[in-house]
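[1] How does the following fold in three dimensions:
(chains A, B and C)
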Amino acid sequence: MPELPEVQVVINYLNTCVLNQEIVAVHVPLPKLLKNISVVQFKKALLHRHFKKIYRRGKFLLFVLDNDKVMVSHLRMEGKYNYQTEFSQDKHDHLWWEFANGGVLKYNDSRQFGTIHFYDNEAAALASKELQKLGVEPFSEEFNVAYYYPQVHASKKPIKTFLLDQSKVVGIGNIYANEICFVTHIDPRTPACKLKKSQVQAIIDATQAILKESIAFNGTTIHTFTFSKWKPGSYQEKLQIYDREECLRCHQPIEFFKLNQRGTYCCKKCQKKY
DNA sequence: TTTTTTTCCTGACAGC
DNA sequence: TGCTGTCAGGAAAAAA
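    This next block holds a predicted model:
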């Protein structure tokens, strides 16, 4: 389940293998993946072009073509990219590009939740319905107390749910939201508005530290599918509370419950509710 | 307006 | 073995 670190790792990977290669064929066996363009138009738009720049905004991947048009991909739950030097089709490969050098980039998505949009240029992509409402990047200078605290203070949502809100700060998903609450000793159910400025600062610091460290470990891989050629990350070994039964700090059993339909972990002793 | 619930989808797994 | 039910979760849409 890709959150910001996983998407960044994918971006780094794609930049090593598919940049500046001429696309000679496009296959889309699952047309519903394409949200605002037909299969015919999509193929026509990509044929004989190449990707000149690949980067991310939040959890969205932007593939900029040499004619400035942009493909925007969101992996949602299980989407993944695999590059192969020789083509072999795996189960759930829903889209792939063949390059002039013989390489193939495949998009694989067992749950079919991922989306692909297509825009005339970067400005149009960034102004689109999906990207336009995104909040600040967690590694940017804009992600600071002056920006975040007033919004946290104005919300009655549980803090963990608030952290997942991509219109405030992008990139945090369920796993890292759990980790951030644990590291900052805050019960995930605490209403956001109850938190002090110093705690919001601690959340900002923890968010940046955790996401950064996870990228260094190639992200978190919770579900590994045998058909995937994608090299899994190893940050799951560093997770302090997600998927654990006993607290690393105090060895008490960790409480597990659903908070707004999301699996939530909390150590009653180490995390305080306000 | 803000927050919560439902929906999308398939594979893994538990229980019978 | 094989069926049924439940769960996982990002984000849009619908409901409260």
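
[2] Tell me where chain A has strands.
    A:23-27, A:51-57, A:60-65, A:70-74, A:80-84, A:93-99, A:104-108, A:115-119, A:255-259, A:262-266 (DSSP state E).

[3] Could you dump those strands into JSON lines and include mean neighbour count?
    In short, each C-beta sits where N, CA and C put it, glycine included. Compiled in JSON lines, these are given as follows (neighbours: other Cβ atoms under 10 Å):
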{"stretch": "strand A:23-27", "mean neighbour count": "16"}
{"stretch": "strand A:51-57", "mean neighbour count": "17"}
{"stretch": "strand A:60-65", "mean neighbour count": "21"}
{"stretch": "strand A:70-74", "mean neighbour count": "21"}
{"stretch": "strand A:80-84", "mean neighbour count": "19"}
{"stretch": "strand A:93-99", "mean neighbour count": "21"}
{"stretch": "strand A:104-108", "mean neighbour count": "21"}
{"stretch": "strand A:115-119", "mean neighbour count": "21"}
{"stretch": "strand A:255-259", "mean neighbour count": "13"}
{"stretch": "strand A:262-266", "mean neighbour count": "20"}
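
[4] Identify whichever of these lies nearest to DNA strand C.
    Nearest to DNA strand C among the strands of chain A is strand A:262-266; the distance by Cβ to the nearest atom of the strand comes to 3.0 Å.

[5] who's in contact with that closest one?
    A:160-161, A:164, A:174, A:177-178, A:181-182, A:187-189, A:241-244, A:254-258 (Cβ atoms under 8 Å, 6 or more residues apart in numbering).

[6] can you do 7 Å?
    Counting by Cβ atoms under 7 Å, 6 or more residues apart in numbering, the neighbours of strand A:262-266 from elsewhere in the structure are A:160, A:174, A:178, A:187-188, A:241-242, A:244, A:254-258.

[7] Can you lay out these as TSV showing distance to residue A:146?
    Rendered in TSV, the data for those read as follows (distance: Cβ to Cβ, whole Å):
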residue	distance to residue A:146
A:160	23
A:174	27
A:178	26
A:187	25
A:188	24
A:241	29
A:242	30
A:244	34
A:254	34
A:255	34
A:256	35
A:257	33
A:258	33
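
[8] ok, which of the residues you listed also contact DNA strand C?
    A:174, A:258 (Cβ under 7 Å from any atom of the strand).
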